[in-house]
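A.B. asks: with the input below, show me the fold.
(chains A and B)
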Amino acid sequence: MHTRLAVNSDLPTWAVIVACALALVSLGVLFALELRRRERGGPLIVLTGLVAVSALLFAVLRPTRVAARESVLGARAIVLGDTSRSMALADNDTSRASARDKVIANLQKQAKEARLLVLGFGAGPPVPLAITKAAPPFAGSARSDLRAAIAAITASQDERPSAIVVVSDGRLDDPSEGAPFEGFAGPNLPIHTIATTKSIPADASVRRVSTAGAAVAHVPFPLSVEVGCAGGLSCDELTVTARELREDGEPAVLATGLSHLKDGKGTIDLSVTLERAGTRILEVSITPPSGDTIPENDRRLITFHVARERVRVLHVAGRPTHDVRALREWLKSDASVDVVAFFILRTQADDPNARQEDLALIPFPVDELFTEHLPSFDAVVLQDFDAQPYGLERHLPELANYVRKGGGLIMVGGQNSFVAGGYAGTSLADVLPVTLDQSPGATAADVANVVPAWTDDGRIAPLLAPLRNVIGEELPQMPGVNILGDAHPGAIVLWAHPTRTTPSGAPMPILAIGDEGNGRSIALGIDGGWQLEFSELGARTSGRGYGALWDGLLGWLMHDPRFESGQIDLVSPCVSGATTKLRIQLPRLDVQAKKGLVWSLEVRRLDKQEAPVDVPLPKPLAQGNRTLEVSLPALAAGGYTARLRAGQGPTTRTDFACEAGGDEWADSRPDPDRLRAIASATGGTFRYAGDDLAIALPKPAIVTSEKHVAPLAPPWIWTLAAACALGVHWFARRRNGLS
Amino acid sequence: MKRLLLVLALAIATGLAALLPKPACAFGDGGAFDPCVLLAGGITGAARPNAGSRWSWEIVQRTSAPARLKPSQVRADDPAIVSGPFVWLSGISALSPFSAQEISGLRKFFALGGLLLIDDAGVSDDGRPSAFGRSAREQIARVLPDTSPIALGPDHVLFKTYYLVRRPEGRVRGPQSLDAIVRGGKAQVIFSSHDLGGALAHSAAGDWEMQPVPGGEVQRERAIRLAVNLSMYVLCSNYKDDQVHAPFLMRRRALLGLP
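C.D. replies: Coordinates of the predicted model:
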C-alpha cells in the first residue's frame, strides 16, 4: 500500500496552477517589499504574511491523503519465431532453428519487465512455440506466412501487444520478395526483427517450378523452372531434367534443357506432355556442381492433377447392331467424350455386289490403332468384336499392357465377344475382371432370355447409383448372355445370371469390374443393353437408364470421384521423415459395415524400391462416421500411391509426392534484407542474432487495484486557519503603521 | 426298314447336335436390323409384304449387320412400338387420321430417338405422290407439329453409310431427294416417294414382283443400295460422318464425280 498527498479532487488542474501561481506572486511581493522595512517590523510582517498566504493556499487546495494499492505491469510483447522448414537448414555447426531458440531465450532474459508471449508462425495463425532440442531433419511448417500470423494477432480479442519481435531467417512466403510492407501490422505496432543468420550456404537448387494454367492430358504445357546457385558455388549453367515417376517402370524423361545462370539465377522453359489423366508425379532435377552442400533441393517432386480436355474413347465394334448404335449415340451425345469409332461393316464373307469405289468403306487400321495411337486413348471399348479375323490377336499383349499402365477397357457382349471372340487364354483375358473358358468346345453364349440379377455389390456400387436412381431394381429382359467365368481376385460382380453358375458354383457374372495394374476393366456380357433405351421400361424412364449405366461405367473407368467407392486426400503436404495424414471418405458405410467389409489401405512407392506398407484403419468403423484420418509412417522422399480397398473389390487410389525440404528448402539463402525492411516500415528495429539484442520495448504501466482518499482536515478548519492567519497578518501590519 | 433306319439316324444326329456346345449365332438377334412394319391410320399390313424379308436378306448378304429375315410388325398404339428404333410405314391409299393413342405411341417412339420410314408405294411412275404420301405427311404433322420436313442433301450421311449413293431411287426414279424431319441433328422421319418396297419385293418363288421404271434392274440395284444405307443409318447412326472417314470419302466421291 502506497500513501501520498494530493489536492482535492474537485479542483481542476488549472485552478491548482492559478492558486499556486498567485501564492508565489504574493510571497514574492511580500519578500521584495516588506523585508526592506526592517526598521518597521519587516520580518514579523513577512512571517505572518507567509503563514497567511500558505493558509489561504491550503484553504483553496484542501489537501487529501491518498492511500493506494499499486502494481507495475510490463508491456505485452509477442515474440514470433519462424517454425517453417527452412529453419531446419544447417547454419555453421548448428541449425537456424537452434539460433532462433537461442535468440528467444536471450530475449526472455533481457526483457524481464516485459510480458513476452512466445509463438511460432508457419502456415495460418501462430501457435505456442514448442522448443524441442531434437527436431526431425525436415520438421516444421511447409510455409512461413508472417502476414497471416500478424493478421491473426491484430484481429484477436486478446490484449493488443505493444510490440512484435520476429525471429526468422527472412525467407518468408508472405510478405513475399518485393511486396510492400506499409500497413503491414496496423498503426502503433512496431515490428522488431531479428535475423538468425547472415551466412549463405553453398547450394545449387531448383528454386521454383511453375506452369501457366492446368495440365491437360495429351496437351503439351510449359514448365517454367527457376534454378539458382549461391554461397560461392561456381555454376554458369545447369542441366535441368523433367521426368514422370511411373509405377510401371523407370521414370520417363519428358524434357531436358540447359539453364544459363546470371547473377546466380537462371530460368528455363520446358515443354512437357503427360499422356494420362489423373494425379501424376513429376520430378524436376538439376545436375549439381561440386561443392553443393544441400543435395535435398537438387530435385523437386511436383504433384500434377492432370485433367482431361475430353475423355478419348476408342470404340471398336465387330458388326453394327442396335447395341452398337445406342452406345455410339450416347458417346457422341456427351460433349466431354471424344470418340474415335471403327465398326466392321463388311466381312470377307459378305458380297456387297459393288465395285470397291462404290463403297464408303475404309480398311480397319488395326496395326496403326493398337500400336501408334493406343496410348492416346483413355479407354477402349471392344463391342461384339472378334479378335481373330482382323488381326487384333497380335496386339492383345499390347492392349493388356495398355490396361496395366492405366488405360481403361470395356468388353461388351455379343456373338463375337469373350470366348467367341477368341480372347480366352490370351493376355487380354488376364486383364479382364472375369475368367474365360479356354477349353476346346467351350460354350460361348447362353441364348435363353434372361433378366440379370443385381448382386449385393451392385446394389451399393456408386457407379450404378445413377442407373438405380432411374430404374430402381428393374432390368429389361436380355436376349441371351455371353458365358463368363469366375471373377478374378480383386474384381467384383455387379450383375449376375439368376440361374447359371460358374465352375466354382458362384452365380455367373454378367457385369463385373476390376483393377489390373494401374488400369481398370469392365466385362459386360450382354448385347441387349440398348433395351434400357428401347423397351417399355425405357419408355417409362424416357430412355435415361442407358445413359445412366454408361455414365457410371465410363466414369468409373476414368476414376471419376463420383463413382469411386472411397476418397483419399492428403491432409497436408507429405514431408520426408515426418508423419503424413490421409483423409479417407467412405460411402454408405452403414450398409457396407453391415456386410462386414474389411477396408484396407496400402501405401507403396511408385519406384517399388521399398515394400508396400499396410496402414491399419480403425476397426470396426463407427456407423455414420464416413470420414476418418489416418497417419502414415514417416516416408522417404519419392512418389507414392495410396490404395484404398473394400474387401477384395477394386481400389481407389491417389498418388502423392513426399519431398525432403520442399518449397522451404528450395531457396536456402537467408533474407535479412526483408526483415530489415519490415522493421523499417513499421517503426521497429532490426538486429542479427549475434548482435546486442537490446530492443526498446515499451515501458511497463502502473496499475492501481485499490485506492482510499481522505481529507487532511475538514474545509472549515482550512478556512478558519486562513482567516486567523490573515487577521494576525493584518494586525502585525497595523501595529507597524502599514495599511 | 430303311425308313426306320433313316428316322433313327436323324434322331441320333439331332441328339448329338443338342449335346454339342451351343453356338452363339442366335445370340445377338435382339439387336439385329428389323424392318418392322408400322400399322397405323388404317394400315393393316405392308404395301409390299415381301419387301421386308428381302431387305433383311440383302443386308445379311451384303454386310456384316445381322437382320431379321422375318420382320415384325407393330401397331402404333401398342406399347411394343418402343421395342425397337426403326419402323416402316408404307401404303397406297390415303391414311385415316391417327387416333390419339397412335399419336401418343408414335410420340413415345420419337422421344426415344426412333426412326420412321414412310414409303409411298402408290407413287406414280413419274414420281407424283399418292394419296398415301400426302396423307402420311398430314398425319405426321399431327404427331410432330413443331417440325416440318426438309430435303436431305446429297452430302447427308444417309447417302454414304455403306454405299456411295448418288440419289434416292426405288421402284420409280422419283424425286432427286428424300425429305426428312430432322430433330436433334438426327433424321427421325424419312419420306420416300420412290416406292422403295416395290423395288425390294421378292416373291417366295424367287422372282422380283415389280419392275423398276425407268431404269430396270440397274435401278433396282441402286434401290437396294439405298435400302442398305438406310439400315446402316439405323444401326450406326452418323458413323460415316466421323472425321476419320472424311478424307477417304472425299477422295472417293471425287472419283465418282459426286458432289
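A.B. asks: give the rounded mean pLDDT of stretch B:45-52.
C.D. replies: Average pLDDT, stretch B:45-52: 95.
A.B. asks: from start to finish, how long is it in a straight line?
C.D. replies: Stretch B:45-52 has an end-to-end distance of 11 Å (Cα to Cα, to the nearest Å).
A.B. asks: residues in contact with that stretch?
C.D. replies: When contacts are defined by Cβ atoms under 8 Å, 6 or more residues apart in numbering or on different chains, stretch B:45-52 is touched by residues B:35, B:37, B:39, B:71, B:73, B:88, B:90-92, B:119, B:121-122, B:132, B:195-198, B:200-204, B:209-210. For every residue, glycine as well, the C-beta is placed using N, CA and C.
A.B. asks: name the residue closest to the centre of chain A, please.
C.D. replies: For chain A, the residue sitting closest to the mean C-alpha position, by Cα atoms, centre = their mean, is residue A:572 at 5.2 Å.
A.B. asks: follow-up on the earlier one: just checking, which of the contacts of stretch B:45-52 belong to strands?
C.D. replies: Secondary structure assignment by DSSP state E places B:37, B:39, B:73, B:88, B:90-91, B:119 of the contacts of stretch B:45-52 in strands.
A.B. asks: okay, buried residues for stretch A:721-729 please.
C.D. replies: Buried positions in stretch A:721-729, judged by neighbour count with 16 or more other Cβ atoms under 10 Å in any protein chain shown: A:721-722, A:725-726, A:728-729.
A.B. asks: where does residue 43 land in three-state SS?
C.D. replies: No chain in the question, so chain A it is. With DSSP: H, G, I helix; E, B strand; the rest coil as the basis, residue A:43 sits in helix.
A.B. asks: the chain in question should be chain B.
C.D. replies: Secondary structure state of residue B:43, per three-state DSSP, is coil.
A.B. asks: doesn't residue B:94 make contact with it?
C.D. replies: No: using Cβ atoms under 8 Å, residue B:43 is not in contact with residue B:94; the gap is 10.5 Å.
A.B. asks: got the contact list for residue A:613?
C.D. replies: Neighbours of residue A:613 in contact, by Cβ under 8 Å, 6+ apart: A:602-604, A:632-633.
A.B. asks: so in terms of bridging, what pairs with it?
C.D. replies: On the basis of DSSP bridges, residue A:613 takes part in beta bridges with residue A:603.
A.B. asks: check it and give its pLDDT.
C.D. replies: In this model, residue A:613 is scored at 90, pLDDT.
A.B. asks: now residue A:397: closest residue in space, sequence neighbours ignored.
C.D. replies: Leaving aside its sequence neighbours, residue A:397 sits nearest to residue A:427 (Cβ to Cβ, 6 or more residues apart in numbering or on different chains; 4.5 Å).
A.B. asks: go on, residue A:521?
C.D. replies: With Cβ to Cβ, 6+ apart as the measure, residue A:409 is the residue that lies nearest to residue A:521, at 4.3 Å, once sequence neighbours are left out.
A.B. asks: list the neighbouring strands of the helix or strand hosting the one you found plus their orientation.
C.D. replies: In this assignment (DSSP states H and E), residue A:409 forms part of strand A:408-412. Pairing partners of strand A:408-412, with direction, according to DSSP bridges: strand A:379-383 (parallel), strand A:519-524 (parallel).
A.B. asks: before we move on, back to that, list only buried entries from the contacts of residue A:613.
C.D. replies: When burial is judged by neighbour count using 16+ other Cβ under 10 Å, the buried members of these are A:603-604, A:632.
A.B. asks: can you report how many residues lie near residue 180?
C.D. replies: Defaulting to chain A. Counted with other Cβ atoms under 10 Å in any protein chain shown, residues neighbouring residue A:180 total 9.
A.B. asks: hmm, I had chain B in mind actually
C.D. replies: Using other Cβ under 10 Å: residue B:180 sits among 23 other residues.
A.B. asks: now residue A:707
C.D. replies: Applying other Cβ under 10 Å, we find 12 other residues in the vicinity of residue A:707.
A.B. asks: how about residue A:246?
C.D. replies: For residue A:246, the count of nearby residues is 18 (other Cβ under 10 Å).
A.B. asks: which residues touch it?
C.D. replies: Residues touching residue A:246, when contacts are defined by Cβ under 8 Å, 6+ apart, comprise A:252, A:606.
A.B. asks: look up the closest residue to the residue nearest the centre of chain B, ignoring the ones flanking it.
C.D. replies: With the centre of chain B defined as its mean C-alpha position, the nearest residue by Cα atoms, centre = their mean is residue B:35, 5.0 Å away. Counting by Cβ to Cβ, 6+ apart, residue B:35 lies nearest to residue B:52, which is 4.1 Å off, once chain neighbours are set aside.
A.B. asks: could you say which helix or strand contains that neighbour?
C.D. replies: Take DSSP H and E as the rule and residue B:52 turns out to sit in helix B:51-62.
A.B. asks: in that helix, what's buried?
C.D. replies: B:51-56, B:58-60, B:62.
A.B. asks: assign a three-state SS to residue 165, would you?
C.D. replies: Let's take chain A. State at residue A:165, reduced to three classes by three-state DSSP: strand.
A.B. asks: OK, contacts around it?
C.D. replies: Taking Cβ under 8 Å, 6+ apart, we find residue A:165 in contact with A:77-80, A:107, A:191-194, A:695.
A.B. asks: in strands only, show me these.
C.D. replies: Secondary-structure check on the contacts of residue A:165 using DSSP E: residues within strands are A:77-80, A:191-194.
A.B. asks: where does pLDDT dip in chain B?
C.D. replies: Scanning chain B with the threshold set as pLDDT under 70 gives B:1-26, B:28, B:256, B:258-259.
A.B. asks: so where do the helices sit in it?
C.D. replies: With DSSP state H as the criterion, chain B has helices at B:2-19, B:51-62, B:100-111, B:131-143, B:196-200, B:216-236, B:246-255.
A.B. asks: returning to what we had before: any idea how far residue A:99 is from the residue nearest to residue B:35?
C.D. replies: The span separating residue B:52 from residue A:99 equals 93 Å under the rule Cβ to Cβ, to the nearest Å.
A.B. asks: one more: residue A:33?
C.D. replies: With distances defined as Cβ to Cβ, the gap from residue A:33 to residue A:99 amounts to 74 Å.
A.B. asks: which one of the two has more residues nearby?
C.D. replies: Per other Cβ under 10 Å, whichever of residue A:33 and residue A:99 has more neighbours is residue A:99, with 22 against 14.
A.B. asks: buried set for stretch B:232-251?
C.D. replies: When burial is assessed from 16+ other Cβ under 10 Å, stretch B:232-251 yields the following buried residues: B:232-242, B:245, B:249.
A.B. asks: mind listing what residue 34 touches?
C.D. replies: Assuming you mean chain A. Contacts were defined as Cβ under 8 Å, 6+ apart; by that measure residue A:34 touches A:42, A:45-46, A:49.
A.B. asks: sorry, I should have been clearer: chain B.
C.D. replies: Applying Cβ under 8 Å, 6+ apart, one finds that residue B:34 lies in contact with B:56, B:67-68, B:71-72, B:84, B:86.
A.B. asks: just the contacts of residue A:165 now: which is nearest residue A:651?
C.D. replies: Here the nearest of the contacts of residue A:165 to residue A:651, counting by Cβ to Cβ, is residue A:80; it sits at 44.0 Å.
A.B. asks: that closest one reaches residue A:145, doesn't it?
C.D. replies: No: counting by Cβ under 8 Å, residue A:80 does not reach residue A:145; the two are 11.0 Å apart.
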